[in-house]
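*Asks:* sequence unknown, structure follows:
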């Protein structure tokens, strides 16, 4: 079964509407910037690497109907579009990286006619999708070495096919190990509030024939205490220069449980998730989302008294000292992180 | 607002149907053993101390229509009823303690006419309710000393009015501190899968005018990292002789987070929750519940692909070395637990 989370089809961005899963696999075509920003905000498309591609393609959607042929005017339009997409969600580094890639491609070619520059932006978006597909496979290649036959891996949220173009980061590691003939058992934390673990990860792992068991997020600690988890692998939304990693709320929880139970804890993410400009996790902006994600289940059944206070951060930051390694498309980065991430920032591979 | 979770009214057990909260406060009257066992199984009545009362009253419901007047026959009936109630749920010690209290009251008076013994059993059930009300207030009295003005307390599940007859254990500590004029801020973990935190704790704290904020269970770690939690207090379902404590799944998770973040972690429970006969948490039977609690939300909306594996333990065990103290109706038990719990088992107060 081949699933492609995001693609460019019929002059539109085609995405899987992830709010409809697991009940229905529905593709939607988006041909306007507004539609794309909305899709990002309501998580029809989500996952840091997929957001990188969505953002770059979104830049093209935003500028393609610009009527003028002058670079200064086009450049102003480009900035406005970039700003608009950047305001959709704050935490995932890849979203901003995708915007920057698209804008830089335009800037580098600003001597060309505007019509040509538009095509260059679209090409950059397509290139990001290709790169993501191959970078996820490299992450899978490096990460699979960590998994033995019969390894039991726990994960949270969705860092799989549905978080990338077509393969996954944390789940890509699992798919890669399975391709090598290793039998892998996966525990998928359901991931409240929006249940990406049960709705998305369980769905894709199940479709791919991987042995997956759903658990409430609360069950991770007792599974570990019973010796049923060999390692934890999660994705990341933004990684600071010291290795502190923002990911789905609950991730730092798992990392602390791993330290206590002496279980390795890995992050899997492409280099585009690193934010080399920020020193530590303290500088990562954490998105606060609508309280209804907590007070109701998937915006349907109310599960709490009306009027109660709610706190709903979408992400948390895992301190780098809790991370055994960061599985990237350039190899596995190990401590000391400041030194080794600095190497990566200069385009080097991992040692 | 006075709420009474369980009572004896009109020759029936009157309980709040907790599956209807927070939408509706509905009282139901149960006058048959089967109805009571079902209410326990489907969590219309839940919470270890409330189950102690329910179990004892259930013994009366089960035997009151016994037609004979002979002790041997009545005694066999009593055993059968006791066994039946004991099979409803396995983990909460108080349930078994309630059954034992009712049966022992009968046994001690087996020279009396059967009609009289029946009344003694009912009286024992009523006495357990009275004792619970006062024991929770003593827990509140001892525990409130741990809370300062403006303390921020995090809790999981419901160890409040709705888990007891009318006051609560962990939440009783908070109510007691509030009565002393201290302002307390509470973070209520929603408590997947059955959401007792959002549905029940948030509801009663809100009704009582306590400042309560709901969070996804996953948010506990980041709140602690931000320095927003001063202490954690939870209830318990069964406490072993070494202090290992079974409570709602996710509790051991919080205890490990507390150790990491150097935050005190307390259990609040009456002495009836202790199982002096078991040495450690390894011997506590953990109830495994229906997978639909995970694959759907409150048995309504499906949130996962059908056919996926699910693991749904209702409780976990927190190792005693992670527990700062156990707030009981006889004072706060501190380490060394084996020695100090042994004192309590002999009817002594805490030192």
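*Replies:* Everything's here; your move. Because the structure is predicted, anything quoted here is derived from the model rather than measured.
*Asks:* what's the helix or strand residue A:78 falls within in contact with?
*Replies:* In the assignment (DSSP states H and E), residue A:78 maps to helix A:71-86. Contact with helix A:71-86 is made by A:33, A:36-37, A:40, A:55, A:58-59, A:62-63, A:66, A:68, A:95-96, A:99, A:102-103, A:106-107, A:110, A:114, A:117, as judged by CB atoms under 8 Å, 6 or more residues apart in numbering or on different chains. C-betas here are computed from N, CA, C, even on glycine.
*Asks:* now, of the residues you listed, which are buried?
*Replies:* Neighbour-count burial (16 or more other CB atoms under 10 Å in any protein chain shown) applied to the contacts of helix A:71-86 gives A:33, A:36-37, A:40, A:55, A:58-59, A:62-63, A:66, A:95-96, A:99, A:102-103, A:106, A:114, A:117.
*Asks:* okay, buried residues for the longest helix along chain A please.
*Replies:* Counting residues, the longest helix found in chain A (DSSP state H) is helix A:114-144. Residues of helix A:114-144 classed as buried: A:114, A:117-118, A:121-122, A:124-126, A:128-129, A:131-133, A:135-144 (neighbour count, 16+ other CB under 10 Å).
*Asks:* chain B next: which of these are close?
*Replies:* Among the buried residues of helix A:114-144, none lies close to chain B by the criterion of CB under 8 Å from any CB of the partner chain.
*Asks:* any low-confidence regions in chain A?
*Replies:* Across chain A, the ranges flagged by pLDDT under 70 are A:1, A:297-301, A:351.
*Asks:* per-domain residue ranges of it.
*Replies:* Chain A breaks down into these domains under automatic domain parsing: A:6-136, A:142-345.
*Asks:* now, which of the buried ones among the contacts of helix A:71-86 lie within strands?
*Replies:* If you go by DSSP state E, those have nothing in strands.
*Asks:* regarding stretch A:146-163, how distant is the last residue from the first?
*Replies:* End-to-end span of stretch A:146-163 (CA to CA, to the nearest Å): 21 Å.
*Asks:* name the residues of that stretch that are buried.
*Replies:* Counting neighbours by 16+ other CB under 10 Å, stretch A:146-163 gives A:146-147, A:151-163 as buried.
*Asks:* check stretch A:344-351 too.
*Replies:* For stretch A:344-351, by 16+ other CB under 10 Å, it's A:344, A:350.
*Asks:* so how far is residue B:170 from residue A:310?
*Replies:* Here residue A:310 is placed at a distance of 21 Å from residue B:170 (CB to CB, to the nearest Å).
*Asks:* who's more crowded, the two?
*Replies:* Per other CB atoms under 10 Å in any protein chain shown, whichever of residue A:310 and residue B:170 has more neighbours is residue B:170, with 30 against 24.
*Asks:* thinking the more buried one is in contact with residue B:162, fair?
*Replies:* No. Residue B:170 is not in contact with residue B:162 according to CB atoms under 8 Å; the separation is 11.8 Å.
*Asks:* residues touching the residue of the stretch 1-150 of chain A found nearest chain B, list them.
*Replies:* Proximity of the stretch 1-150 of chain A to chain B (CB to the nearest CB) peaks at residue A:22, 4.4 Å away. Each residue near residue A:22 by CB under 8 Å, 6+ apart is listed here: A:198-200, A:202-203, B:302-305.
*Asks:* residue A:155: which element?
*Replies:* Using DSSP H and E, residue A:155 falls within strand A:152-156.
*Asks:* partner strands of that strand, parallel or antiparallel?
*Replies:* Strand pairing for strand A:152-156, determined by DSSP bridges: strand A:185-189 (parallel), strand A:231-234 (parallel).
*Asks:* ok, back up a step: what is the nearest of the buried residues of stretch A:146-163 to chain B?
*Replies:* Nearest to chain B among the buried residues of stretch A:146-163 is residue A:156, at 8.0 Å by CB to the nearest CB.
*Asks:* what is the nearest residue to the closest one once chain neighbours are set aside paired to in the beta sheet?
*Replies:* Spatial nearest neighbour of residue A:156, excluding adjacent residues (CB to CB, 6 or more residues apart in numbering or on different chains): residue A:189 at 4.2 Å. For residue A:189, the beta-bridge partners are residue A:156, residue A:215 (DSSP bridges).
*Asks:* right, and residue A:189 touches residue A:154 too?
*Replies:* Yes. Between residue A:189 and residue A:154 there is a contact under CB under 8 Å: 6.9 Å.
*Asks:* what's the overlap in contacts for these two?
*Replies:* When CB under 8 Å, 6+ apart defines a contact, the residues bordering residue A:189 and residue A:154 alike are A:220, A:254.
*Asks:* spit out the contact partners of residue A:90.
*Replies:* A:285-287.
*Asks:* filter the residues you listed down to the ones close to chain B.
*Replies:* Among these, chain B is touched by residue A:286 when using CB under 8 Å from any CB.
*Asks:* are any of the contacts of residue A:90 buried, and which?
*Replies:* For those, a neighbour count by 16+ other CB under 10 Å gives the buried set as residue A:286.
*Asks:* quick one on the thing from earlier: in the contacts of residue A:22, find the pair that's most separated.
*Replies:* Within the contacts of residue A:22, A:200 and B:302 form the most distant pair, 14.0 Å apart (CB to CB).
*Asks:* which one's more surrounded, the two?
*Replies:* Using other CB under 10 Å, the more surrounded residue of residue A:200 and residue B:302 is residue A:200, with 30 against 15.
*Asks:* can you give me the strands in the stretch 251-351 of chain A?
*Replies:* According to DSSP state E, counting those that start in this stretch, the stretch 251-351 of chain A carries its strands in the segments A:265-268, A:274-275, A:309-310, A:315-318, A:325-328, A:331-333.
*Asks:* reformat those as TSV; add distance to chain B.
*Replies:* Formatted as TSV, those follow (distance: least, CB to the nearest CB, whole Å):
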stretch	distance to chain B
strand A:265-268	13
strand A:274-275	19
strand A:309-310	4
strand A:315-318	4
strand A:325-328	19
strand A:331-333	23
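*Asks:* I'd assumed residue A:238 was in contact with residue A:277.
*Replies:* No. With contact defined as CB under 8 Å, residue A:277 does not count as touching residue A:238 (10.8 Å).
*Asks:* and those two? which has more neighbours close in?
*Replies:* The neighbour comparison of residue A:277 against residue A:238 (other CB under 10 Å) goes to residue A:238, with 29 against 10.
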